[in-house]
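>>> coords please:
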Amino acid sequence: MNFLSHYYFDRNVNNCYHILGTVLPDLLKNADKTIVLHPEKLHHSNDDINCIIAGWNKHLAVDRYFHSSDFFNIHSHQLKKLLLPAIEGSPVKPFFLGHVALELIIDNLLLTTGKILVDDFYAHLDGCKTEIVAEFLAFAGLKDDSRFFKFFDDFKSSQYLHTYAETHQITYALKRICMRVWQNPFTPQHEEQMNGILEGYRSLLLPDFMSIFTEIEAKLD
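Numbers count the residues shown, from 1 in each chain. Just a heads-up that it's a prediction; the model follows:
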């Protein structure tokens with residue numbers, strides 16, 4: 001799941017470090033895909049750092065349940081099939097495209113149906129002290145945190161997750177993610193065709209998209 005979908009499960013939690021932990025694995029991956037940390041079983045004397053670890057573990061559990069669900073398997077496969085002819089000649093792997101497109105559509109639906117407020121999410125991230133986050137990263141084994149904090153500061157200041165509420169921006173967000181792997185993933189023609197497909201699939205998911213959150217919440221309890 002993407003950032004806002006992870007936040008949904010803990011939207012009523014008031015601890016900013018726990019909220020950070022629920023999205024930190026993806027933040028690190030986006031900052032530098034070579035970063036690999038496994039703090040799952042660590043315990044620190046500082047409760048704030050333990051809250052980050054608890055949030056991290058929640059992230060792993062949510063992703064595990066999501067990626068093993070019928071919802072994910074069915075809809076990511078359908079999106080892959082629909083998008084494949086629209087991106088003919090693109091270097092992007094079809095499975096990757098279906099996977100990420102589904103997650104972006106779900107984030108869009110959470111925002112546009114008022115299930116979460118993106119300003120609340122960013123407020124939690126802004127509430128985390130840099131020294132606490134740095135201590136967690138060092139404790140988890142990261143020797144150089146400079147690339148992460150550069151990305152994290154840009155992530156917070158740009159607040160680009162607001163654009164997920166605009167349905168026509170789903171393709172742009174998908175392109176941004178693909179550009180981390182492929183230099184020129186799509187032509188303007190690709191993007192135009194993808195827009196129509198993604199908007200149509202969003203409408204298809206709208207009536208019942210919350211079923212996946214209900215399913216995962218039941219497994220988390």
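>>> rest of the way, CA atoms for contacts and neighbours
OK.
>>> disregarding residues adjacent in the polypeptide, which is nearest to residue 171?
residue 195 (5.9 Å; Cα to Cα, 6 or more residues apart in numbering).
>>> right, and the one you found touches residue 173 too?
No: at 11.2 Å, residue 195 does not count as touching residue 173 under the criterion of Cα atoms under 8 Å.
>>> hang on, the earlier thing: hmm, who's touching the one helix or strand the residue nearest to residue 171 maps to?
In this structure, residue 195 is located in helix 188-205 according to DSSP states H and E. With Cα atoms under 8 Å, 6 or more residues apart in numbering as the contact definition, helix 188-205 has outside contacts at 79, 82-83, 86-88, 101, 105, 109, 167-168, 170-172.
>>> how many neighbours does residue 211 have?
Here the number of neighbours of residue 211 (other Cα atoms under 10 Å) works out to 11.
>>> how close does it get to residue 87?
For residue 211, the distance to residue 87 (Cα to Cα, to the nearest Å) stands at 30 Å.
>>> the lowest-mean-pLDDT helix or strand in the chain vs helix 188-205, what angle?
One helix or strand of the chain scores below all others by mean pLDDT, DSSP states H and E: helix 170-178, with a mean of 89. If you take axes from the mean of the first three to the mean of the last three Cα atoms, to 10 degrees, helix 170-178 sits at 110 degrees to helix 188-205.
>>> mind jotting down where the strands sit in this structure?
Assignment of strands within the chain using DSSP state E yields no ranges at all.
>>> list the contacts of the nearest residue to residue 37 once chain neighbours are set aside.
The spatially closest residue to residue 37, leaving aside those adjacent along the chain, is residue 140, at 6.3 Å (Cα to Cα, 6+ apart). Shown here is residue 140, whose contacts under the criterion Cα under 8 Å, 6+ apart are 37, 38, 39, 42.
>>> now do residue 55
Shown in contact with residue 55 (Cα under 8 Å, 6+ apart): 17, 18, 19, 20, 21, 22, 23.
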